[in-house]
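Engineer: Sequence plus the predicted model coming up.
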Amino acid sequence: MAAKKMSESFSRALIEEVQRWSEMKQTGVSLKYMMDFGSRPTQRNLLIAAQFLHKELAIRIAHRAQELENLPYGLSEKPAILKVRDWYLDSFRDLRMFSEIKDSEDEIAFTQMINRIKVRHNNVVPAMALGVQQLKQDLGRKIVPGDLPEIHQFLDRFYMSRIGIRMLIGQHVGLHDPNREPGRVGQIDTRMSPLKVARNAIDDARVICMREYGSAPEVEVFGDPDFTFPYVPSHLHLMVFELVKNSLRAVEERFMNSDKVAPPIRIIVADGIEDVTIKISDEGGGIPRSGLPKIFTYLYSTARSPLEEDMNTTSGATMAGYGYGLPISRLYARYFGGDLQIISMEGYGTDAYLHLSRLGDSQEPLPD
């Protein structure tokens, strides 16, 4: 299929509007602000939030749509990237066509519309990964870390922006949930137990490991079971799931043909004044020092590529292969002021340190 430029698929007026909106300034919010504001979901507050999102989401989506049109190395022409660009343009058009939000009826209709946008964008990450894989195949040479820095910087910006857009939509939609649990403010759990979330993520990762290898190493968790703090459980689940999945794979592959029992993966949750830190330790043989710079790049994966899998499938969780689990997990940690560090001992194993900011008052790191 020939690549269609934006001007062939969308009206000139819409394209000009995207360009204009992509020059407007984005407004970051903090976890603390979302929590404080959302703890009083009165009709007036929901109306104010919807009016803010009506403009803010259009600005953020325009920034990304504009960038998707102008990527280096011909990445913009890859079919998977064109598909993503069209999703962003459709969503921008939906937002701009939605008239002014004046009352609760408008606000409810707007909430339903932005939830449809969120669903439309569900497969953006595998689609982008597919586009990057298509680029790698076209370049036809072995890409080493440090290659194509513009692509890495673009993907960091793009994925960080996506986390923010989905957080804002999910937060607003969540405030309407009549069945939300006590202590829930939209997507934020004001009394989240990191141990409980970690255990759920471990169970999910072990199921996938079992499916892939027929067995899965044990995972031991240490920490205060009564400790809670405000955070977004879905974000923490994603990060712990990715890290545990990597550890399970490393241990499983190292001990697969050994007569030794695979050693357990150990998880420690530490409650600090500034940060909650989760350490995930495995004895999976570690990563050579020369390989460490590669692990946070989007063009690298030690596993086989699931490129052939249809990106429209909803199963979503392969054991490995897209090469974006770690870099995206680090973006999720950084989104609310935390970080992710990997320290490895080749010949022994790897420690991942997931730092989550306790204060919750750092602003979203908004890419241009």
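Structural biologist: Sure, I can see it.
Engineer: backbone phi and psi for the residue of the chain most remote from its centre, please?
Structural biologist: Distance to the chain centre peaks in the chain at residue 259, reaching 38.2 Å (criterion: C-alpha atoms, centre = their mean). Residue 259 adopts backbone torsions of phi -90, psi 0, taken as degrees, to the nearest 10.
Engineer: Give me the distance between it and residue 26.
Structural biologist: 57 Å (C-beta to C-beta, to the nearest Å). C-beta coordinates here come from the backbone N, C-alpha and C atoms, glycine included.
Engineer: Please apply the same query to residue 151.
Structural biologist: Distance of residue 151 to residue 26, computed by C-beta to C-beta: 22 Å.
Engineer: and those two? which has more neighbours close in?
Structural biologist: Comparing residue 151 with residue 26 by other C-beta atoms under 10 Å, the one with more neighbours is residue 151, at 20 against 15.
Engineer: Before we go further, the more buried one is sitting in a helix, right?
Structural biologist: Yes - looking at residue 151 with DSSP: H, G, I helix; E, B strand; the rest coil, it is inside a helix.
Engineer: Assess the claim that it and residue 75 are in contact.
Structural biologist: Yes - if you go by C-beta atoms under 8 Å, residue 151 and residue 75 touch, sitting 6.7 Å apart.
Engineer: Low-confidence ranges, the stretch 51-200 of the chain, go.
Structural biologist: Counting by pLDDT under 70, the stretch 51-200 of the chain contains low-confidence residues at 141-146.
Engineer: What of the stretch 201-350 of the chain?
Structural biologist: Filtered on pLDDT under 70, the stretch 201-350 of the chain yields the residue ranges 300-323.
Engineer: Show me the strands in it, by range?
Structural biologist: 219-222, 229-231, 265-271, 275-282, 339-345, 349-357 (DSSP state E, counting those that start in this stretch).
Engineer: hang on, the earlier thing: shared neighbours of residue 151 and residue 75, anything?
Structural biologist: Taking C-beta atoms under 8 Å, 6 or more residues apart in numbering as the criterion, residue 151 and residue 75 both touch 132, 135.
Engineer: ok, which stretches of the chain are helices?
Structural biologist: Along the chain, the segments classed as helices by DSSP state H run 6-9, 12-21, 31-38, 43-68, 79-97, 104-120, 124-139, 149-174, 194-213, 233-255, 325-335.
Engineer: between those, which one is nearest to residue 269?
Structural biologist: Smallest distance to residue 269 across these (C-beta to C-beta): 5.0 Å, for helix 194-213.
Engineer: Dump the closest one to PDB, restricted to CA.
Structural biologist: The C-alpha trace of helix 194-213 is given here as PDB (Å, rounded to 0.1, in the frame of the first residue of the first chain):
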ATOM      1  CA  PRO A 194       3.000  -2.000  46.800                       C
ATOM      2  CA  LEU A 195       3.300  -5.500  48.100                       C
ATOM      3  CA  LYS A 196      -0.200  -6.400  46.900                       C
ATOM      4  CA  VAL A 197       0.300  -4.900  43.400                       C
ATOM      5  CA  ALA A 198       3.700  -6.600  43.100                       C
ATOM      6  CA  ARG A 199       2.200 -10.000  44.000                       C
ATOM      7  CA  ASN A 200      -0.500  -9.600  41.300                       C
ATOM      8  CA  ALA A 201       2.200  -8.600  38.700                       C
ATOM      9  CA  ILE A 202       4.300 -11.500  39.800                       C
ATOM     10  CA  ASP A 203       1.400 -13.900  39.300                       C
ATOM     11  CA  ASP A 204       0.800 -12.500  35.800                       C
ATOM     12  CA  ALA A 205       4.500 -12.800  34.800                       C
ATOM     13  CA  ARG A 206       4.800 -16.400  36.100                       C
ATOM     14  CA  VAL A 207       1.700 -17.400  34.100                       C
ATOM     15  CA  ILE A 208       3.400 -16.200  30.900                       C
ATOM     16  CA  CYS A 209       6.700 -17.800  31.900                       C
ATOM     17  CA  MET A 210       4.900 -21.100  32.500                       C
ATOM     18  CA  ARG A 211       3.200 -20.900  29.100                       C
ATOM     19  CA  GLU A 212       6.500 -20.200  27.400                       C
ATOM     20  CA  TYR A 213       8.800 -22.600  29.200                       C
END
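Engineer: If you count neighbours, what's buried in it?
Structural biologist: 194-195, 197-199, 201-202, 204-206, 208-209, 212 (16 or more other C-beta atoms under 10 Å).
Engineer: Of the residues you listed, which is the nearest to residue 168?
Structural biologist: Taking the buried residues of helix 194-213 together and measuring to residue 168 by C-beta to C-beta, the closest member is residue 197, at 21.5 Å.
Engineer: what's near enough to touch residue 117?
Structural biologist: Going by C-beta under 8 Å, 6+ apart, residue 117 touches 57, 91, 94, 95, 169.
Engineer: Kindly report the same for residue 64.
Structural biologist: With contact set as C-beta under 8 Å, 6+ apart, residue 64 has these partners: 88, 158, 161, 162.
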